[in-house]
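Participant: Fold the stuff below for me.
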Amino acid sequence: MHGGANMAYRLLAVLACLILPTSVLAHGAHDSLSCTGCHALHTAKGELIFAVPPNKKDVNARTGQPNSGITALCLGCHETPDKGGMGIKPIESHMSHPFGLSSVNSKVAHVPPELLENGRFECTACHDPHPSNPNYKYLRIDTSGGAKMEKFCVACHPAKADASHIPPLELFSSMDENKSRAPIAPAPERRGEPRRQAPPQ
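Facilitator: From the prediction side, this is the model:
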């Protein structure tokens, strides 16, 4: 029964990707997902109320251990099925930037603390996958649609760049609701109650 439900979920995910128009995918494929594509309120399968099971099968090439935390959530979708994922745009860890690290070698990179998750270098150090992120490939730094990737790289590797061309660090983060760009509209009047006003920004 569990295997059938898992297969049905995968089939629905594939069908949703095929049916949705590409115009919906303004900044990336996550734009077509609702919150429950990644999170589940009452049927959580791991940390951060995961809707998909965290990938505990894939082994981190650098640590030799299964991934955990946010990286395990991301790899629940973005890894091949034989390695515990759903096969959606799989990440080949041996060919990509390192992720899922408990620490970063300071001789290799100086990662700003704002990019770390409880001191760990997770997928979210580079990407904020929430649909509110307008940046190329959900990067946390605006790279002008990928044309200025050096702005992204120098955030952690400033010694590799001309110091006079290092821009100030401007990070996108959907995790601070105080920076919300869209104020909530006042609730409609109910049973003669006065309208509630949106809190001042």
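Participant: Helices of this protein, start to end?
Facilitator: 2-19, 69-77, 150-153 (DSSP state H).
Participant: any weak-confidence spans in this protein?
Facilitator: Within the chain, the ranges that satisfy pLDDT under 70 run 1-29, 31, 44, 46-48, 179-201.
Participant: let's see it at 50
Facilitator: 1, 8-9, 11-26, 184, 187, 189-191, 193, 195-196, 198 (pLDDT under 50).
Participant: Closest to the centroid, which residue in it?
Facilitator: P129 (3.0 Å; Cα atoms, centre = their mean).
Participant: list the contacts for it?
Facilitator: G28, H30, C38, C74, Y138 (Cβ atoms under 8 Å, 6 or more residues apart in numbering). Yep, even glycine has a C-beta here, placed from its N, CA and C like the rest.
Participant: Look up how far S174 lies from it.
Facilitator: 9 Å (Cβ to Cβ, to the nearest Å).
Participant: same thing with L73?
Facilitator: Taken as Cβ to Cβ, the span from L73 to S174 is 15 Å.
Participant: In terms of neighbours, single out the busier of these two.
Facilitator: For L73 versus S174, neighbours defined as other Cβ atoms under 10 Å are more numerous around L73 (28 against 16).
Participant: excluding its backbone neighbours, what's nearest that one?
Facilitator: F50 (5.1 Å; Cβ to Cβ, 6 or more residues apart in numbering).
Participant: Check P53 too.
Facilitator: Using Cβ to Cβ, 6+ apart, the closest residue to P53 is K45 (4.6 Å).
Participant: residues touching that neighbour, list them.
Facilitator: Per Cβ under 8 Å, 6+ apart, neighbours of K45: A51, V52, P53, P54.
Participant: what about the residue lying closest to T43 once chain neighbours are set aside, how many neighbours?
Facilitator: Residue nearest to T43 in three dimensions, not counting chain neighbours: A51, with 7.6 Å by Cβ to Cβ, 6+ apart. When neighbours are defined as other Cβ under 10 Å, A51 has 21 of them.
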